[in-house]
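Student: Just the structure for this:
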Amino acid sequence: MGEIVTYPSNGHQASGYLTGSSGPGVIVIQEWWGLNDNIKAIADQFAAAGFVALAPDLYHGEVASAPDDARRLAMNLEMSQAAKDMSGAVDYLLGKADGNKLGVVGFCLGGGLALTLAAQRPDVISAAAPFYGLPRQLEELDWQGMTAKVQGHYGELDQGIKAENVRAFEARLKALSKDVDISIYEGANHAFFNETGRNHHPEIAKLAWEKTVAFLRTELT
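Tutor: Next comes the predicted model:
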């Protein structure tokens with residue numbers, strides 16, 4: 001089990017859930033629900049797999065259990081502040097993990113933010129694994145400067161993050177000669193990895209997890 005830690009965020013204080021005693025570092029970014037028990041459990045899974053994981057609390061203590069509340073929190077999230085909090089998490093985790101490179105994994109809202117962080121911190125982020133999310137500020141980010149390899153996990157049935165938009169984003173990165181590998185899983189919907197949700201798909205979640213762990217181990221060790 002991990003602990004809640006605080007770290008500097010552009011002159012302010014941010015917090016997150018830190019777990020794992022040694023190994024390469026992974027930033028784990030929340031769904032639109034917030035830093036809830038499910039995200040903490042995923043961070044613990046990374047710790048059990050040999051990583052040091054930090055899940056930043058981008059809602060600063062707020063957690064939603066109803067979709068309307070989650071939607072409100074997600075819509076009110078200031079991208080500039082989220083970027084600062086994620087960057088602060090990167091700097092903090094560098095002091096706790098092995099090596100000088102980190103990976104980032106994100107789910108739903110956090111999937112897009114994982115890609116955002118990879119674009120904003122190319123000095124540190126060398127591997128990004130987004131799950132069913134795309135960046136909000138697609139045109140504003142420096143994809144040319146991104147150095148991370150990308151392994152994405154998406155659901156064929158997802159009507160929020162549609163397969164054609166995912167493939168268009170993949171093509172955009174490949175046109176910039178980026179190393180990107182996107183899986184769109186047949187029969188999977190949005191949030192297929194969330195075992196507390198109605199769309200959980202155990203078999204596909206297991207496959208995506210195994211691929212993600214292997215990817216991060218390859219890129220970070």
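Student: Does Glu195 touch Asn38 like I think?
Tutor: Yes. Using CB atoms under 8 Å, Glu195 is in contact with Asn38, at 7.3 Å. In this view, the C-beta of every residue, glycine as well, is placed from N, C-alpha and C.
Student: Neighbour count: these two, which is higher?
Tutor: Asn38 (19 against 13; other CB atoms under 10 Å).
Student: Show the contacting residues for that one.
Tutor: Glu31, Asn194, Glu195, Thr196 (CB atoms under 8 Å, 6 or more residues apart in numbering).
Student: so is the second one in a helix, a strand, or just coil?
Tutor: What DSSP: H, G, I helix; E, B strand; the rest coil gives for Asn194 is coil.
Student: Is it in contact with Pro202, as I believe?
Tutor: No. Assessed by CB under 8 Å, Asn194 is found out of contact with Pro202, at 11.3 Å.
Student: quick one: the helices in this protein?
Tutor: 37-48, 67-76, 79-94, 109-120, 163-175, 202-220 (DSSP state H).
Student: deepest of those helices, which one?
Tutor: Among the helices of the chain, helix 109-120 has the highest mean neighbour count (mean count of other CB atoms under 10 Å), at a mean of 26.
Student: Tell me how far that one lies from the chain's centre.
Tutor: For helix 109-120, the separation from the chain centroid amounts to 6 Å (computed by CA atoms, centre = their mean, to the nearest Å).
Student: List of residues touching that helix?
Tutor: 27-32, 58, 74, 77, 79, 82-83, 86-87, 90, 104-106, 125, 128-137, 141-143, 145-146, 148, 150, 152, 161.
Student: Look up which residues are beta-bridged to the residue nearest the centre of the chain.
Tutor: The chain has Gly106 as the residue nearest its centroid, 1.7 Å off, counting by CA atoms, centre = their mean. Applying DSSP bridges to Gly106 gives these bridge partners: Ile29, Pro130.
Student: who touches it in this structure?
Tutor: Val28, Ile29, Gln30, Gly112, Leu113, Ala114, Leu115, Leu117, Ala129, Pro130, Phe131, Gly133.
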